[in-house]
Structure formats: C-alpha cells, structure tokens
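Asks: I'll drop the sequence and a predicted model, then ask my questions.
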Amino acid sequence: MAIVDHAKQAYWTTLREARRLSRRISNKQKPIILKSRGICPICRVQTQFVARDPWLRDHLLCSGCQSIPRERALMLVLERFFPNWQALTIHESSPGDRGASTRLAREAPCYIASQFYPDKAPGTMVGKVRSENLEALSFADESIDVHITQDVLEHVFRPADVFREIARTLKPGGAHVFTVPLVNKASATTRRAALNDDGAVVHLEPPMFHGNPISADGSLVTMDWGFDIAQQIFQACGLYTQMICIDDLSRGIRAEHIEVLVTMKSNAPVSAIGAA
C-alpha cells in the first residue's frame, strides 16, 4: 500500500510540473498586463513581478519562484506576526508545491504538512504527508503554534467544526494564519453545498471546483465567504480575527481577494475572551 501511495504522489507531482511548464510556455506568448520590480517575500531576492493576464490573483508571478500575490501576502503577514516562525511548530493543511508552502517546509524543522485523505485514518502518514481532517484534527490540545491554510476554507462542509478544532489545538499565543477568497465582501456569507444526513452532497448553487493538489477531480467549493467570516469564527470558538489587506507592488502584492486573516489565541482562557 505504501508503494501505491508513493506512486500516486509521484504521478501527481509529475502532472503538476508538466501543467505548470505548459502554462509558462503559453503565458510567454501573451502580452504583459503589469510589470514591476521589487523584493519577493518568498524567495527574498530582487525580482520582477509579471502578469500576462488581468486576473492578477493567479497571474502576477514572481519571475524567480513563480509565487502568486496571496502567497506573498501570507508570508509577509506570518513574518510580521511571528518573526521567529522557523522555530515554531507549524501545521499547514493542503499545502501547495511552490510559494510559502515550500519555504515553510524548507526552513521550519517542525513544519507538518497534511492533506485530507478520506480513506486514511487521521494522524497516519502518506509518504511525508500527514492525513488530517480539519473538522476533526488528531493533534493534541494546545500542540500547534501556527495553523496555516491557503484557500482551503472555501472547501469545507462544517466550517464551525474547523474553527473549533483549530482553537483547541492552538497553543496560547498561537494563531491561524490563512487566506480564503472573500468573494461576497460586505455581503453575507452564503453556502454553495452541504451534506445531508446520509453524507451525500446537496448542491445549493451550481457546482464549482478549484484545483486540488492530490486529485484531478478538483475540490468542490462549499462556501462563498464574506467579511462576516470573522464573526462566524468568534461564534464558533470565541477567538478574534484580524483581516489584513495589502497592496504593495514592491512586494508583488496586488490582486482581488488576497486578504490575509489572522485568528489569534490569547494567553487568556477562551471563556474569558468570550466574556470580554
């Protein structure tokens, strides 16, 4: 079984690399929409940020590491809140194979990468990746300094359970640092899909899928989040969330829906925070 799992991972890695190379070749044939020079928060060198498509969120690329704006924004926020992040226990759910994910894995010895494998028990290893369900984490109470999710929470069915599990497993003073497309902005969050009593998916809106690093089927979008996500987090677990919006071309950060959210766990008990 381990050999099969490794073979699957190698297959998806090869496929992603082939697709990425194909996109880079295709993109070079398009006219430049935006170009700027600056320091990339991911590869930390003087570089050029280039977009050949008006959807900057996915196409304003660092010429060096090929990171995109939301990845650079998340890395910048992480370093400002936790300048000692290399020494911390960091868990990232559903990491990518570029950008902040690769830097975290390379520089933080206590970095833990996880994916959701429905057929694997939580806490088991699939190669170098841990099987975890954000709605029911296997980590011990107060065992993680920083949880990181990059565009993951729009794919969960029970977000309140996710927020409670993250709060439970965070150490006092720790945080969940994450990105999620806030497509509804000032409008209320809406649900696109739910599960009925027997676990079958019920589509409330036409199905929409985003890329999935471990499946060609993609990931179903379950939530169209708005700015009220901070209120929903507080109602679920009693923790406060800051929403940080960065526009800084000198760091290659400009696009729609690239807010970085930081849910902090105070050193005070959660019950005391909720009563404040």
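Replies: Structure received. Numbers count the residues shown, from 1 in each chain.

Asks: give the pairing partners of the longest strand anywhere in the chain; include direction for each.
Replies: Assignment by DSSP state E gives strand 170-179 as the longest strand of the chain. The strands that strand 170-179 pairs with in its sheet are strand 144-150 (parallel), strand 260-264 (antiparallel) (by DSSP bridges).

Asks: next, the contact list for the residue most central in space within the chain, please.
Replies: The centroid of the chain falls nearest to residue 150 when counting by CA atoms, centre = their mean (1.0 Å). Shown in contact with residue 150 (CB atoms under 8 Å, 6 or more residues apart in numbering): 70-71, 74, 92, 94-96, 99-101, 178-179. Using the backbone N, CA and C atoms, a C-beta is placed for each residue, glycine as well.

Asks: what would the strands paired with strand 170-179 look like in CSV with distance to residue 174 and mean pLDDT?
Replies: Listed next are those as CSV, based on distance: least, CB to CB, whole Å; pLDDT from 0 to 100:
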stretch, distance to residue 174, mean pLDDT
strand 144-150, 5, 98
strand 260-264, 8, 98
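
Asks: related to what we said a few turns ago, give me the distance between the residue nearest to the centre of the chain and residue 101.
Replies: 7 Å (CB to CB, to the nearest Å).

Asks: residues that sit against both of those two, list them.
Replies: Between them, residue 150 and residue 101 share the contacting residues 71, 92, 95, judged by CB under 8 Å, 6+ apart.

Asks: of the residues you listed, which belong to helices?
Replies: residue 71 (DSSP state H).

Asks: what are the ranges of the strands in the stretch 1-150 of the chain?
Replies: With DSSP state E, counting those that start in this stretch as the definition, the stretch 1-150 of the chain shows strands at residue ranges 34-39, 46-51, 61-62, 90-93, 111-115, 125-126, 129-131, 144-150.

Asks: helices of the stretch 1-150 of the chain, residue ranges please.
Replies: For the stretch 1-150 of the chain, helices defined by DSSP state H, counting those that start in this stretch occupy the ranges 2-27, 56-59, 69-81, 99-107.
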